[in-house]
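> kindly return the folded structure for what I paste below:
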Amino acid sequence: MKVKVVLEPQEEGGYTVYVPSLPGCISQGETYEETLENIKEAIELYLELDEDELLQHPQLKVVEVVV
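Below is the predicted model:
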């Protein structure tokens, strides 16, 4: 999966990064490389299914689509 991220250099050093297509998915890092690794982890957590929510709402269906 490919997503676009936006890196903002911070005055105090390091970067803040967010994913425009995933509201609230944000991270930071001291270096460019660290920032990209951190946002990859944030994206994985953001997209992870909440199994408890699925159990509470049996009418919900999970399907995969290719874009």
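
> in this structure, which spans are helices?
Secondary structure of the chain by DSSP state H: the helices cover 32-47, 51-56.

> can you say which of those is packed in most?
Each of those was scored by mean neighbour count; the highest is helix 32-47, a mean of 15, by mean count of other Cβ atoms under 10 Å. C-beta coordinates here come from the backbone N, C-alpha and C atoms, glycine included.

> name the helix or strand of the chain that has the lowest mean pLDDT.
helix 51-56 (a mean of 79; mean pLDDT, DSSP states H and E).

> so which residue is dead centre in the chain?
Ile43 (2.3 Å; Cα atoms, centre = their mean).

> residue contacts, Gln10?
Each residue near Gln10 by Cβ atoms under 8 Å, 6 or more residues apart in numbering is listed here: Thr16, Gln28.

> now do 7 Å
Thr16 (Cβ atoms under 7 Å, 6 or more residues apart in numbering).

> next one: Ile43
Val3, Val19, Leu22, Cys25.

> distance check, the second one against Gly29.
To tie it back to what came earlier, the one meant is Val19. From Val19 across to Gly29, the span is 14 Å (Cβ to Cβ, to the nearest Å).

> any idea how far Glu53 is from the residue lying closest to Leu49 once chain neighbours are set aside?
The shortest distance from Leu49 to any non-neighbouring residue, by Cβ to Cβ, 6 or more residues apart in numbering, is to Val62 (6.6 Å). Distance of Val62 to Glu53, given as Cβ to Cβ: 11 Å.

> pLDDT weak spots in this structure?
Of all residues in the chain, none has pLDDT under 70.

> excluding its backbone neighbours, what's nearest Tyr32?
Once flanking residues are discounted, Tyr32 sits nearest to Tyr15: 6.6 Å by Cβ to Cβ, 6+ apart.

> show me what that neighbour bridges to in the sheet.
Beta-bridge pairing for Tyr15 (DSSP bridges): Pro9, Gly29.

> any idea how far it lies from Val6?
Separation of Tyr15 from Val6 (Cβ to Cβ): 10 Å.
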